[in-house]
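Novice: the following comprises the amino acid sequence and a computationally predicted model.
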Amino acid sequence: MRIEVAPASGYPGVSLRQLERFDVDAWYAYMALPHVVEHTSWNLHSRADLLPMFDALESTSPESIRRLAIVSNVDEALIGTIGFHTVSAVNRTAEIAYDLSPEYWGRGIASAVCNALTTWSFDTYSFVRVQGTVLKSNSRSAQVLQRCQYRYEGLLRSYRMVRGIPGDFALYSRLAAD
């Protein structure tokens with residue numbers, strides 16, 4: 001689902017806009033790095049593996065995924081993505097997911113955009129709950145969610161396949177009422 005008006009990023013020098021097909025090369029360039037996907041369930045073999053995501057973004061279904069590009073204001077370069085999947089219009093819930101090029105790690109960008117998008121989603125989509133699942137070994141992503149006031153709810157054992165092996169994921173959530 002296209003997001004026509006993106007929220008402010010919450011981080012100076014960085015903006016959010018709709019993720020577009022022309023972003024695929026820049027996105028794949030950092031997502032192909034082993035240390036970027038090491039602690040995630042991504043299983044990419046080529047840039048073509050990202051193309052179905054763009055088809056899903058063009059859906060008009062209220063339960064389709066929504067994904068924004070995180071861009072540098074200096075040169076409009078894609079430096080990451082953030083958005084929602086597993087959207088339930090009936091339950092007014094979604095799961096947040098994000099990634100960032102490693103040259104931008106450790107600056108607080110992921111926390112700022114995660115917080116901004118979560119807050120915005122409560123008003124824009126009337127979500128009552130946004131959750132995030134983090135591979136147990138991904139402490140950096142868990143810290144992002146914790147800084148954004150997501151609460152730890154428990155461990156989801158063998159929740160998702162991680163390159164052919166069942167992975168344990170920590171579950172975090174933030175409620176509109178929090």
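Specialist: Done, it's in.

Novice: give me phi/psi at Ser139?
Specialist: Ser139 has phi and psi values of phi -70, psi -30 when expressed as degrees, to the nearest 10.

Novice: what's the distance between it and Gln146?
Specialist: Here Ser139 is placed at a distance of 10 Å from Gln146 (C-beta to C-beta, to the nearest Å). In this view, the C-beta of every residue, glycine as well, is placed from N, C-alpha and C.

Novice: around Pro52, how many other residues sit close by?
Specialist: For Pro52, the tally of surrounding residues (other C-beta atoms under 10 Å) stands at 9.

Novice: do the same with the one 3 residues further on
Specialist: Asp55 is surrounded by 10 other residues when neighbours are defined as other C-beta under 10 Å.

Novice: wait, is it part of a strand?
Specialist: No. The secondary structure assignment for Asp55 gives helix rather than a strand, going by DSSP: H, G, I helix; E, B strand; the rest coil.

Novice: longest helix in this protein, please.
Specialist: Taking residue count as the measure and DSSP state H as the definition, the longest helix of the chain comes out as helix 109-124.

Novice: could you give me the buried positions within that helix?
Specialist: Within helix 109-124, the residues that count as buried by 16 or more other C-beta atoms under 10 Å are 109-122.
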